[in-house]
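> how would this look folded up:
(one chain, ligands or ions: 1)
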Amino acid sequence: MSSAKDRLKKFFLEHIGEVVTKEQLSEVASVTEWARRVREIRSEEGWPIYTHHDDSSLRPGEYLLVSEPPKPGEYKFSRPISAALRAQVLERDGYICQMCGAGAGEADAVDPTRTVRLHIGHIVDRSHGGQSILSNLRALCSTCNQGAKDLVQEPPSWTWLLGRVRVSSVEDQRKLLEWLRRKFGD
Ligand SMILES: [Zn+2]
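Numbering: from 1, shown residues only. A predicted model of the protein is given here:
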């Protein structure tokens, strides 16, 4: 017995470049969760299956395998992060590195002649099956991004944080106060 996913893949391969309908797919798969299987074939195996979200000439319920799918193992689990998703991650994270707290455009702590640039990093690495979705992405500076693979960092403890603030210069403490006021809007 072949799996629903195998049946769907075979059907798509027989119809490369042709529009197929959800009725056909549902019948081929003969499982209620056929749409989920199709999403997995797209997201986990990288098959270029388009819907009306990707191609406005398609109607809702129509699917199109646009070209030959990647060979098993060739696909790296995730498509490039779109500009929109990138912007969403940065916005949610307040343009701040989620590991060290450096803000975009501030002077780099290691090399003050450079400014902090933020990258989008995966929380669960792609090599471990982590997906490029909002909940698995975070803003990271270049330094942290390089060392972040597989690391899930705990937020600093209150005692540690207070200690760092106490030993910093009055000028930096005032800057921090300004920053907190701006952040919390009071
Ligand atoms: Zn950082």
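
> please count neighbours and contacts with C-alpha atoms only from this point.
Fine.

> how's the chain carved up into domains?
4-65, 76-153, 157-186 (automatic domain parsing).

> report all helices and strands that the one helix or strand Ala35 maps to contacts.
Following DSSP states H and E, one finds Ala35 within helix 34-45. With contacts defined as 3 or more Cα pairs under 8 Å, 6 or more residues apart in numbering; DSSP states H and E, helix 34-45 has these neighbours: helix 4-14, helix 22-29.

> turn the ones you listed into TSV, including distance to Arg114, mean pLDDT and mean neighbour count.
As requested, the helices and strands packed on helix 34-45 are exported to TSV (distance: least, Cα to Cα, whole Å; pLDDT from 0 to 100; neighbours: other Cα atoms under 10 Å):
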stretch	distance to Arg114	mean pLDDT	mean neighbour count
helix 4-14	49	95	17
helix 22-29	52	95	16
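
> returning to what we had before: out of the domains of the chain, which comes closest to the ion?
Across these, the ion has its closest neighbour in domain 76-153 (4.1 Å, Cα to the ion).

> got the contact list for the lengthiest helix in the chain?
For the chain, the helix with the greatest residue count under DSSP state H is helix 170-184. With contacts defined as Cα atoms under 8 Å, 6 or more residues apart in numbering, helix 170-184 is touched by Val165.

> likewise stretch 54-70?
Contacts with stretch 54-70, where a contact means Cα under 8 Å, 6+ apart, come from 12-13, 15-22, 45-52.

> out of those residues, which are buried?
Applying 16 or more other Cα atoms under 10 Å to these, the neighbour count classes 12, 16, 19-20, 45-51 as buried.

> look at Glu74 and report its pLDDT.
In this model, Glu74 is scored at 64, pLDDT.

> please read the previous query as pertaining to Ser127.
At Ser127, the pLDDT value in this model is 69.

> please pull out the lowest mean pLDDT helix or strand from this structure.
Using mean pLDDT, DSSP states H and E, helix 142-147 stands out as the lowest-scoring helix or strand of the chain, at a mean of 80.

> cool, thanks, signing off.
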